[in-house]
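Peer 1: please work out how this folds:
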Amino acid sequence: MCFKTLIIAVRVLPYLLVLMAPANLALSDITTSNMTFAEAVQAVKDKNYRHAVNLFELQANAAQHDAQYNLALLLKSGKGRPRNYQQALYWAWSAYLGGVEPAEGLSKDVMSLLPADSLKLTREKIEETLLDRIDTGDRSALMELALFYEEIVEEPNFAEAYLWYSIASAFLLEGAFLARDKVEDSVEIKSIVELQNRASEIFDTLSTIK
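Peer 2: Predicted coordinates for the structure are as follows:
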C-alpha cells in the first residue's frame with residue numbers, strides 16, 4: 001500500500017502550532033483537535049502505524065471524516081492493526097458520506113473483497129450509527145443519512161433520501177435544497193404527501209434536541 005494518498009483531506013492547521021498538548025487536554029478536545037490529527041499523520045510518516053491507527057480511530061468515532069478515511073486506508077492495508085476489510089469499508093463509507101471524495105473509490109475497492117452478508121451488516125451498522133448521531137442532536141448526520149439512502153444502500157431508496165434531505169433543508173444545511181429537489185424527481189407522486197408529513201413530524205422532534 002502506498003501512503004502517498006493518505007491524508008487527502010488534511011485539515012488546515014493553526015499557523016502557530018504548539019508542539020505539545022497540555023497534559024489535561026479534555027477527551028472531547030482530543031477527538032476533534034488538529035493537534036491529534038497532526039500527531040497521527042506524523043506517526044504514519046514515522047511508520048508508527050499502531051499509534052496512527054489508535055489516534056485516527058479516536059477521531060473517526062467522533063465523526064471526523066478525514067480521520068475515517070485514513071483509518072480505512074490503514075485497516076485495508078493491515079498496518080497498525082490486522083487487515084480488516086469489513087472495518088475498512090465501514091470507515092470508507094463513513095468518510096464518503098461525510099464528504100471525503102477519494103473515499104468513494106476506496107469503498108468500491110474494498111466492496112469487491114467482501115461477501116454479500118458482510119456488505120449487508122456494514123450497511124446496517126452505518127445506518128444505525130447515523131440514526132444514533134441524529135438522535136443525539138448531530139444535525140450534520142442528516143445529510144449523510146440521506147446520501148446513504150441515495151447511494152450506499154443496495155438499491156437506492158429515493159423516498160427515504162427525500163425524507164432526510166427535506167429535514168436537512170428545514171435546518172438550512174448546506175446543499176440540502178438542491179439534493180432534495182433532485183431526488184424528488186425520482187419519488188412517486190403518491191408518496192410525496194406522506195413523506196412530507198413524516199418529515200414535519202421528525203423535524204419537530206429534532207428541533208427539541210439541543
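
Peer 1: what helices or strands is the biggest helix by length in the chain leaning on?
Peer 2: For the chain, the longest helix by residue count, based on DSSP state H, is helix 116-135. Applying 3 or more C-beta pairs under 8 Å, 6 or more residues apart in numbering; DSSP states H and E, we find helix 116-135 packed against helix 85-97, helix 140-147. All C-beta atoms are positioned from the backbone trio N, CA, C, and that covers glycine.

Peer 1: packing partners for whatever helix or strand comes next after the shortest one?
Peer 2: Counting by DSSP states H and E, the element after helix 140-147 in chain order, helix or strand, is helix 158-170. Here helix 158-170 touches helix 140-147, helix 176-184, helix 189-206, going by 3+ C-beta pairs under 8 Å, 6+ apart.

Peer 1: relative orientation of the second one and helix 189-206 in degrees?
Peer 2: Think helix 176-184. Helix 176-184 runs at 150 degrees relative to helix 189-206, counting by axes from the mean of the first three to the mean of the last three C-alpha atoms, to 10 degrees.

Peer 1: one step back: right, so of the helices and strands packed on helix 158-170, which gets closest to N54?
Peer 2: Nearest to N54 among these is helix 140-147; the distance by C-beta to C-beta comes to 24.2 Å.

Peer 1: tell me which helix or strand in the chain has the weakest average pLDDT.
Peer 2: When each helix and strand of the chain is scored by mean pLDDT, DSSP states H and E, helix 27-32 comes last, with a mean of 76.

Peer 1: hmm, back to that, the longest helix of the chain to helix 158-170, inter-axis angle?
Peer 2: Using the same axes, to 10 degrees: helix 116-135 against helix 158-170 is 30 degrees.

Peer 1: average pLDDT for helix 116-135?
Peer 2: Throughout helix 116-135, pLDDT has a mean value of 98.

Peer 1: tell me which of the helices and strands packed on helix 158-170 sits most buried.
Peer 2: Mean neighbour count (mean count of other C-beta atoms under 10 Å) peaks for helix 140-147 among these, with a mean of 24.

Peer 1: ok, now which ones touch the residue nearest the centre of the chain?
Peer 2: With the centre of the chain defined as its mean C-alpha position, the nearest residue by C-alpha atoms, centre = their mean is S94, 2.9 Å away. When contacts are counted by C-beta atoms under 8 Å, 6 or more residues apart in numbering, S94 is found next to 60, 63, 65, 68, 126, 129.

Peer 1: please apply the same query to F158.
Peer 2: For F158, the contact set (C-beta under 8 Å, 6+ apart) comprises 149-150, 183, 186-187.

Peer 1: for Q42, see how far away the residue of the chain positioned farthest from its centre is.
Peer 2: Outermost residue of the chain with respect to the C-alpha centroid, by C-alpha atoms, centre = their mean, is K190; its distance is 31.9 Å. Taking C-beta to C-beta, to the nearest Å as the measure, K190 falls 56 Å from Q42.

Peer 1: got it, and D138?
Peer 2: Spatial separation of D138 from Q42 under the definition C-beta to C-beta is 29 Å.

Peer 1: circling back to that earlier point, which one of the helices and strands packed on helix 158-170 lies closest to Q87?
Peer 2: Proximity to Q87 (C-beta to C-beta) singles out helix 140-147 among the helices and strands packed on helix 158-170, at 18.4 Å.

Peer 1: quick one, the closest one and helix 116-135 angle?
Peer 2: Counting by the same axes, to 10 degrees, helix 140-147 lies at 150 degrees to helix 116-135.

Peer 1: I'm done for today, thanks for sticking with me.
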